[in-house]
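Asks: predicted coordinates and the sequence they were generated for:
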Amino acid sequence: MNKNDVFPPTYFKAANLPEPITRKIVSATMEVMKNFHGQNERKLVIGFADEGRRLVMNRTNFDALAALHGPDTEQWLGKSVQLYADKIRVSGRSVDTVRVRAAV
C-alpha cells in the first residue's frame with residue numbers, strides 16, 4: 001500500500017498524473033486557502049465526477065477552460081476536460097504543474 005492509498009490527496013498535483021486523465025467537471029467554487037506567504041486568499045477550485053481530488057485553478061488553466069467552454073464557470077459544469085502534468089519555468093527553474101486541455 002502506498003501513501004496515496006492511506007492518505008488520498010485532496011488536490012491534483014503533477015505527481016498524481018503520470019498519464020493524462022479525462023474527467024467531467026461537476027463544481028466550480030471559490031474557497032479560502034493559504035498562499036505561499038501564509039495569507040488567506042480566495043481560489044477557484046474545480047471538482048470532478050467520480051473523483052475525490054479537485055483542481056485549484058490558476059490563470060493559465062482558467063484561460064484554457066474559458067477558451068474551451070466560455071468565461072462563465074457555470075458553463076463548464078458537465079463538460080469533460082483532460083488533466084495532464086507539464087513543466088514550467090519559475091524563477092529560472094523547472095517546476096511540475098497540472099494543465100488542462102480539451103478532452104480527447
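Replies: Yep, it's here. Numbers count the residues shown, from 1 in each chain.
Asks: mind picking out the helix or strand in the chain with the poorest mean pLDDT?
Replies: When the helices and strands of the chain are scored by mean pLDDT, DSSP states H and E, helix 3-6 comes last with a mean of 72.
Asks: would you mind listing the buried residues in whatever helix or strand comes next after that helix?
Replies: Later in the chain than helix 3-6, the nearest helix or strand by DSSP states H and E is strand 21-34. Of all the residues in strand 21-34, those buried under the rule 16 or more other Cβ atoms under 10 Å are 23-26, 28. All C-beta spots, glycine's among them, are computed from the backbone N, C-alpha and C.
Asks: would you list those in TSV and tack on pLDDT?
Replies: Converted to TSV, those look like this (pLDDT from 0 to 100):
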residue	pLDDT
Arg23	97
Lys24	97
Ile25	98
Val26	98
Ala28	97
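Asks: my guess is Lys79 contacts Ala28, does it?
Replies: No. Lys79 is beyond contact range of Ala28, at 10.6 Å (criterion: Cβ atoms under 8 Å).
Asks: in contact with the residue nearest the centre of the chain, which residues?
Replies: Nearest residue to the geometric centre of the chain (Cα atoms, centre = their mean): Leu55, 2.7 Å. Residues near Leu55 by Cβ atoms under 8 Å, 6 or more residues apart in numbering: 11-12, 45-46, 48, 61, 83, 98, 100.
Asks: give me the element it is part of.
Replies: Per DSSP H and E: strand 55-56 holds Leu55.
Asks: quick one: the very next helix or strand once past that strand to strand 21-34, angle?
Replies: Note on strand 55-56: by DSSP H and E, the next helix or strand toward the C-terminus is helix 59-69. Interaxial angle, helix 59-69 versus strand 21-34 (axes from the mean of the first three to the mean of the last three Cα atoms, to 10 degrees): 130 degrees.
Asks: I'm done for today, thanks for sticking with me.
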